[in-house]
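Colleague: test case, fold it:
(one chain, ligands or ions: 2)
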Amino acid sequence: MRSAAFIAVVVVLSQAHLSPARAGAADTVSRRLIARFSSATAAHRAPAVAARLGGRVALRLPSIDAVVVRPRHGVALAPPGNAGSISAPAAWDHRTHCAKVAELDSGVQHDHPDLSANIWHNAKEIPANGKDDDHNGYVDDYYGVNIEAGHGSGTDADGHGTHVAGIIGGRTDNATGIAGTCWTTAIVPVRFMDSRGRGSASDAIAGMRYAIRSGAKIINCSFGSSQPSQALHDAVDEARSKGILSTYPTNRYKVLSGTSMAAPFVSAAAAMLLAEHPGMSYQQLRSRLLGGVDRLPALTGEVATGGRLDLLRTLTGSP
Ligand SMILES: [Ca+2]
Ligand SMILES: [Ca+2]
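Modeller: Ligands and ions are numbered 1, 2, ... in the order given. Okay, here's the model as predicted:
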């Protein structure tokens, strides 16, 4: 049977200076399974394999040979005890709109049908006219920015950033694709990684500054660094001093879940919380996120909070 070709998303890029946080175990979330094929040629079998698993293909991620499988009602694809369920459906009864989130990554496919309505654009910039209309140092930075190239929108280089954006703000209830954590939001694509998912610390820092200037109060950083960079830490501190929450793995938010795609869930939760309480300070956001976890014996000793993100509790707890 061909399901042998159906492997969980994992892997790669260990030699990179900065690389996407794709480490470790399978990425699973409640009611969705992100699955990667061992080869591009195996991907055409996705519908049949998904059906055998009790689900259907909800979204294709061709640039990483992966699909998102949504199980049929009552079918559980995520292993028991996995840090996947964040009680999002219950939270959505309460709120579905989120504050602006900047995403430092490989860029975002801004015209993706599930994402396009949730992608921020720079209203002061005229696209594709070869000029830096808003005098911010970047020519034609319309749908965010391509820091790596030094000009143009933050279009996706390798699929990673689009995947992350889908977790934050894939449109829900539009009859296609997947449900993101935030149904409506404004994602600022800030591309600093190349097509191989590698980027320099200096570009990450420039990207962090762009994100701050874009007005985002949340910055999603789904990447890790093999080389500690004091300058990058300083940039994270600069964001913090301006009241901006960053999910860069040097701070504690990575500990809210054991999965490699934890950062966008935390970013989305923070953005949802900020939309609920626009005046919340950095410290209030931080303590609510850390205090709202769902403590699990399986995570004790594995993560600092001993718990996984609980979106509803985060949203409705005391400030
Ligand atoms: Ca500009
Ligand atoms: Ca322009």
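Colleague: let's verify R171: helix, strand, or coil?
Modeller: Using DSSP: H, G, I helix; E, B strand; the rest coil, the structure places R171 in coil.
Colleague: please verify my assumption that it contacts D114.
Modeller: Yes: R171 is within contact range of D114, at 5.0 Å (criterion: CB atoms under 8 Å). The way it works is simple: take the backbone N, C-alpha and C, and place the C-beta from them, glycine included.
Colleague: mind checking the SS state of S287?
Modeller: Per three-state DSSP, S287 ends up helix.
Colleague: need the helix or strand of this protein with the lowest average pLDDT.
Modeller: Of all helical and strand segments in the chain, the minimum by mean pLDDT, DSSP states H and E falls on strand 6-8, at a mean of 27.
Colleague: got the contact list for the residue in the stretch 151-300 of the chain that ligand 1 sits nearest to?
Modeller: The stretch 151-300 of the chain approaches ligand 1 most closely through H151 (8.4 Å), counting by CB to the ion. Counting by CB atoms under 8 Å, 6 or more residues apart in numbering, H151 makes contact with Y138, V139, D140, D141.
Colleague: part of a strand, is R56?
Modeller: Yes: the assignment for R56 is a strand, going by three-state DSSP.
Colleague: all helices in the protein, in order from the N-terminus.
Modeller: 46-52, 88-92, 160-169, 201-213, 230-241, 262-276, 282-291, 311-316 (DSSP state H).
Colleague: for those helices, which one sits closest to A123?
Modeller: helix 201-213 (13.7 Å; CB to CB).
Colleague: what packs against that closest one?
Modeller: Secondary-structure packing of helix 201-213 (3 or more CB pairs under 8 Å, 6 or more residues apart in numbering; DSSP states H and E): strand 101-105, strand 187-191, strand 218-221, helix 230-241.
Colleague: what's the neighbour count on L285?
Modeller: 23 (other CB atoms under 10 Å).
Colleague: my bad, S116
Modeller: If we define neighbours as other CB under 10 Å, then S116 has 13 of them.
Colleague: residues in contact with it?
Modeller: H110.
Colleague: and the residue of the stretch 201-319 of the chain that's closest to ligand 2?
Modeller: Closest point on the stretch 201-319 of the chain to ligand 2, by CB to the ion, is Y210, at 15.2 Å.
Colleague: you'd agree that residue is up against Y138?
Modeller: Yes: here Y210 reaches Y138: they are 7.5 Å apart, a contact under CB under 8 Å.
Colleague: what touches both of these two?
Modeller: By CB under 8 Å, 6+ apart, the residues touching both Y210 and Y138 are V145.
Colleague: hmm, back to that, distance to A128 and mean neighbour count for the helices and strands packed on helix 201-213 - can I get that in TSV?
Modeller: Listed next are those as TSV, based on distance: least, CB to CB, whole Å; neighbours: other CB atoms under 10 Å:
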stretch	distance to A128	mean neighbour count
strand 101-105	22	32
strand 187-191	16	30
strand 218-221	26	30
helix 230-241	29	16
